[in-house]
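[1] Need the 3D shape of this:
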Amino acid sequence: TVGQPVPGSAVRIADDGEVLIKGGIVFGTYWNDQAATDAVLTDEWFATGDLGSLDEDGYLTITGRKKDILITSGGKNVSPTVLEDRLRSRPPIGQCIVVGDNRPFVAALVTLDPEDVAHWLYVRGMPADTPLSELASDPRMRADVQKAVDFANQAVSRAESIREFRLVEGEFTEDNGLLTPSLKIKRHMVTAAYADEIEALYRS
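    Next up, the predicted model:
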């Protein structure tokens, strides 16, 4: 959540969910680039590239970036950020990425948090070195991940909800190039690294 607009500025939400701002804080033009100016400024309203909502008291909530929007083959626009943030907030999820662009439904690739997994195995009296391949097919682990998926889905409509998930090995880190320094997912890098796993989601 961001709060209310500062005095002298105004915020509104475009039909596609993009946050537009107007006021003295908005620049007048890009230097010697009218095309770029026209792309983001309309009647003094600046298109931020952020997606958001305004509540009845005028408080702004940012829900994602417009460029990250997924469009399913059925034409449904889905903001993956909301789903991913809620998924990551629940154990045993480590990192995740929501996919579904030009696909029939929304799905997710999920990594498991090592500390959560260690505790999960200890509580069940299982070996600490139990491989992910075994965990991925364990109905108890899948049920726990499904609870996190169900929690994420509570924030969106049925058409936007995660229908399938797949547990994958490895981690998304800055060191392996899958996260930015601010710990945001590099979507194109993750989807390239896990292309086979994504395809498997839609074959099952």
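
[2] Show me which strand runs longest in the protein.
    strand 45-54 (DSSP state E).

[3] Give the partner strands of that strand in its sheet and their orientations.
    Strand pairing for strand 45-54, determined by DSSP bridges: strand 18-23 (antiparallel), strand 41-42 (antiparallel), strand 60-65 (antiparallel).

[4] So which residues make contact with it?
    2, 11-14, 17-22, 26-27, 39-41, 60-67, 69, 79 (Cβ atoms under 8 Å, 6 or more residues apart in numbering). For glycine as for every other residue, the C-beta is placed from the backbone atoms N, C-alpha and C.

[5] which parts of that strand are buried?
    For strand 45-54, the neighbour count (16 or more other Cβ atoms under 10 Å) marks Trp45, Phe46, Ala47, Thr48, Asp50, Leu51, Gly52 as buried.

[6] Need the CA coordinates for that strand. CSV is fine.
    Below are the C-alpha coordinates for strand 45-54, written out as CSV (Å, rounded to 0.1, in the frame of the first residue of the first chain):
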residue,chain,number,x,y,z
TRP,A,45,-1.8,12.1,-16.9
PHE,A,46,1.4,10.1,-16.6
ALA,A,47,1.1,6.3,-17.2
THR,A,48,3.3,4.8,-14.5
GLY,A,49,3.5,1.2,-15.7
ASP,A,50,2.3,0.1,-12.3
LEU,A,51,-1.0,-1.7,-11.7
GLY,A,52,-3.1,-0.8,-8.7
SER,A,53,-6.4,0.0,-7.1
LEU,A,54,-7.9,2.9,-5.1
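
[7] Right, I'll leave it there.
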